[in-house]
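Novice: Give the three-dimensional model of this entry:
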Amino acid sequence: MPPAQRRRSTAAAALLAVTLLAGCADTGGAKGKSGGEPPLGPVAVNPATISLSFPMDAYTDTDSERGLMDAAQYRLTAQCMARYGFSYEQAPKPAADVAAASKEDRHQNLFGTVDPVYAATYGYAPDAGRPRPPRPTPPQLSDSASTVLFGQRPEDSGRQQADPGPMSDEEAQAADSGLTVGGQKVPAGGCQREGYRKLYTPTKDSVDLLFSFGLASEAHTRAQEDSRVGEVLAKWSECMGKAGYGGVKSPYEVIEKLGLQNDKAGPKAVAVATKDVACKREVNLVGIWAAAEVAYQERLVEEHAQTLALYKKQREARLKLAASLA
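Specialist: Numbering: from 1, shown residues only. Here you go, the predicted structure:
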């Protein structure tokens, strides 16, 4: 899975909303839960990535929701610090904006560069033309405040803690960090860890935060290895070769194979990216690959239905808590 996949955004329209290729659904072999290639549903014709909707979207946060969660974790940490008499001032990331969330394209980098306008303007430069919020300035902390925040004395900060401490807030209530500041015991892992636990692992049955991401990654890997995706990738590679960009087998290796690492927005990168997108559209790479992605995600959602149901319930509780802290 490409690193930029983590920046996927909200999909408002399903694949069915895009013009469909009649008769392109391939049964693709066995229909069992884990055996054979799953049948493909409707295959859209060169869909815009913002129109794509995958089963795992219901279990993953948008960029706006992640901003809301980051702000909530900060506020929980600040509340913990306040119990010890310390002010923890640091500008949190902006909270979720419903209007902005509706415009997010959470799958924009899933298949490499696919937007012809972006490719012709920026080549392969990541996030070009998109303003980035300034990084908050870390607050200056006294030794005591640092001990409370990080759960270890400043003189021990360079040493790796052998025990990561309790995994859930429920377990942390009975844990002893062995540290005391101002007559109060410091929470295991400090306030920073406590803020994380209260938001993401409040109870022992809290599902791993990366569980849904792991399933989406697994589905992506399986889809990439699917024979139907392999066939369209071969056609894309052949198209690139005819344009003078041979030897590239995957959209994820274009930059490295063609030596664009040091100039991702230069004239050569723009020329390559423009042809890259044109070849993808010529063979309908996004439409076919996205259909395979949906099929493998559906299979994994069915296989892990019970855990995902718990994960979804806990995620909704996190969002509710985060909203209450905004």
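Novice: going forward, measure contacts between C-alpha atoms and count neighbours the same way
Specialist: Will do.
Novice: For stretch 278-285, which outside residues touch it?
Specialist: 45, 46, 114, 116, 229, 232, 233, 235, 236, 239, 240, 286 (CA atoms under 8 Å, 6 or more residues apart in numbering).
Novice: ok, the residues you listed vs residue 82, which is closest?
Specialist: The shortest approach to residue 82 among the contacts of stretch 278-285 belongs to residue 114, at 47.8 Å (CA to CA).
Novice: re earlier: which ones among the contacts of stretch 278-285 lie within helices?
Specialist: Among the contacts of stretch 278-285, the members found in helices (DSSP state H) are 116, 229, 232, 233, 235, 236, 239, 240, 286.
Novice: Among these, which one sits closest to residue 55?
Specialist: Using CA to CA, residue 286 comes nearest to residue 55 of the ones in helices among the contacts of stretch 278-285, at 16.6 Å.
Novice: Near that closest one, how many residues? Count them for me, please.
Specialist: Per other CA atoms under 10 Å, the neighbour tally for residue 286 reads 25.
Novice: which residues touch it?
Specialist: Counting by CA under 8 Å, 6+ apart, residue 286 touches 46, 47, 111, 280.
Novice: just residue 201 next, same as before
Specialist: 167, 168, 169, 207.
Novice: Could you count how many residues lie near the first one?
Specialist: Put plainly, it is residue 167. By the criterion of other CA under 10 Å, residue 167 has 18 neighbours.
Novice: residue contacts, it?
Specialist: Contacts of residue 167 by CA under 8 Å, 6+ apart are 197, 201, 204.
Novice: quick one: least confident helix or strand in the protein?
Specialist: helix 98-101 (a mean of 48; mean pLDDT, DSSP states H and E).
Novice: Which residue ranges of the stretch 201-326 of the chain form helices?
Specialist: Using DSSP state H, counting those that start in this stretch, the helices assigned to the stretch 201-326 of the chain run over residues 211-225, 227-242, 254-257, 267-283, 285-303, 305-325.
Novice: Spit out the contact partners of residue 273.
Specialist: Applying CA under 8 Å, 6+ apart to residue 273 gives the contacts 113, 119, 120, 123, 124.
Novice: do that again at 6 Å, thanks
Specialist: By CA atoms under 6 Å, 6 or more residues apart in numbering, the contact set of residue 273 is 119, 123.
Novice: Who are the contact partners of residue 250?
Specialist: Going by CA under 6 Å, 6+ apart, residue 250 touches no other residue.
Novice: And the pLDDT at it?
Specialist: Residue 250 carries a pLDDT value of 97.
Novice: So it versus residue 229, what's the distance?
Specialist: Residue 250 is 11 Å from residue 229, where distance means CA to CA, to the nearest Å.
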